[in-house]
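Asks: Give me coordinates for this.
(one chain, ligands or ions: 1)
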Amino acid sequence: MITHPKHPFQSEADQIQALIDRCNGDSDTFIEELHQTKITHISFSQVYSFETCPRQYYLRHILGREITPVPEYFVKGKALHRTIANAYRAFGEGQDFSEDIIHYDGISRFSQAGKHLRNGYLTLRQNMLPSDEVLGIEKPFVFLMEDNIPPVVGVIDLILRRGDILILIDHKTGRDFYHPDILQMAVYLNYLRSAGLQGDCEFYYDSYRWVENLARIRKPAFERRQMVINEREIEGQVKRLVAGYQGIHRLKQGQLPERNGECFRCVYRNCC
Ligand code: SF4
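Replies: Residues are numbered from 1 along each chain as shown. A predicted model of the protein is given here:
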């Protein structure tokens, strides 16, 4: 009988899976509790944040420095994510829905941010991706990859099924459309393969642009971009994930790095 050596981070992966089960798949609770437990893990967003600015990673994830008040774009983005989740939940249950599903999360509906949210909802209504089944909404996951990195963790915004094809969608919000990063897709594909995926899978970025008046826009409020990745690119992205983890590991042993980033639009610029 062939026995496979145990992955060095098997115990951490088991603990994180137990946490996902305990949270009943509630991604917000899971992320919050994972943060508190400090179980070693790596994610696409950690690597992205580290690559964007190691100093910001250090301030935010190592020193635990929070920006107060929480920036409006963050609250608004989360509120639209919740609204989109509500819409696909209703859609999955065969129910129609109205503006009641908009999550304002404390934002006044008469403020500029409130108008952005409502327009995000109206844009969503026109652009929901048809499918046969909603398989997952804000689905947290954990899995093991290379021996030299800890469990990889993430949350998939939306999983749909159309015929035999699995469709993954990530929602992005902002003043402008998101520049895709194939690391996220490589992580999702590796997770699905580790869970036994054998068929076809499509991956889309749905980007919502904040708009105050939909009747007066010069460029679209919404962009859907399908991403395609080949096996060679997946291998390259796995190396990037490993390098990101190693960089973060070194950062934890060292001191606050020098300022070096796109500081003019950084929310940390006043406390950096
Ligand atoms: S202000 Fe500049 S150096 Fe500081 S965290 Fe932001 S991007 Fe990084």
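Asks: How about residue 256: what's its closest non-neighbour residue?
Replies: Closest residue to residue 256 apart from its sequence neighbours, by Cβ to Cβ, 6 or more residues apart in numbering: residue 58 at 5.3 Å. Placement of C-beta: from N, CA and C, glycine included.
Asks: Kindly apply the preceding question to residue 252 instead.
Replies: On the basis of Cβ to Cβ, 6+ apart, the spatially nearest residue to residue 252 that is not a chain neighbour turns out to be residue 62, at 6.0 Å.
Asks: Show the model's pLDDT score for the one you found.
Replies: What the model reports as pLDDT for residue 62 is 92.
Asks: And for residue 3?
Replies: Model confidence at residue 3, given as pLDDT, is 58.
Asks: Same check on residue 266?
Replies: pLDDT for residue 266: 87.
Asks: which bits of the stretch 51-200 of the chain sit near the ligand?
Replies: In this structure, the stretch 51-200 of the chain approaches the ligand at residues 53, 55-56, judged by Cβ under 6 Å from any ligand atom.
Asks: Now for these, which sits with the most neighbours around it?
Replies: Of all those, the most densely surrounded is residue 56 (22 neighbours; neighbours counted as other Cβ atoms under 10 Å).
Asks: what helix or strand is that residue on?
Replies: Taking DSSP states H and E as the definition, residue 56 sits inside helix 54-57.
Asks: Which residues are in contact with residue 241?
Replies: For residue 241, the contact set (Cβ atoms under 8 Å, 6 or more residues apart in numbering) comprises 42, 44, 47, 145, 149, 152, 183, 186-187.
Asks: Can you list the buried residues in the host helix or strand of it?
Replies: Using DSSP H and E, residue 241 sits within helix 231-253. Buried residues in helix 231-253, counting neighbours by 16 or more other Cβ atoms under 10 Å, are found at 234, 237-238, 240-242, 244-245, 248, 251.
Asks: before we move on, the earlier item: mind putting the contacts of residue 241 into JSON lines with neighbour count, pLDDT and secondary structure?
Replies: Shown next, in JSON lines, are those (neighbours: other Cβ atoms under 10 Å; pLDDT from 0 to 100; DSSP: H, G, I helix; E, B strand; the rest coil):
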{"residue": "42", "neighbour count": "23", "pLDDT": "97", "secondary structure": "strand"}
{"residue": "44", "neighbour count": "23", "pLDDT": "96", "secondary structure": "helix"}
{"residue": "47", "neighbour count": "25", "pLDDT": "97", "secondary structure": "helix"}
{"residue": "145", "neighbour count": "19", "pLDDT": "93", "secondary structure": "coil"}
{"residue": "149", "neighbour count": "21", "pLDDT": "95", "secondary structure": "coil"}
{"residue": "152", "neighbour count": "27", "pLDDT": "98", "secondary structure": "strand"}
{"residue": "183", "neighbour count": "22", "pLDDT": "96", "secondary structure": "helix"}
{"residue": "186", "neighbour count": "22", "pLDDT": "95", "secondary structure": "helix"}
{"residue": "187", "neighbour count": "26", "pLDDT": "96", "secondary structure": "helix"}
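Asks: and which of these is nearest the ligand?
Replies: residue 47 (15.8 Å; Cβ to the nearest ligand atom).
Asks: give the contact list for the closest residue to that closest one other than its chain neighbours.
Replies: The spatially closest residue to residue 47, leaving aside those adjacent along the chain, is residue 244, at 3.3 Å (Cβ to Cβ, 6+ apart). Applying Cβ under 8 Å, 6+ apart, we find residue 244 in contact with 42, 46-47, 50-51.
Asks: now the end-to-end length of stretch 221-234.
Replies: Its first and final residues considered, stretch 221-234 spans 31 Å by Cα to Cα, to the nearest Å.
Asks: which residues are in contact with that stretch?
Replies: Stretch 221-234 is contacted by residues 119, 123, 126-127, 129, 177, 180, 182, 185-186, 189-190, 202-209, 211, 214, 237 when judged by Cβ under 8 Å, 6+ apart.
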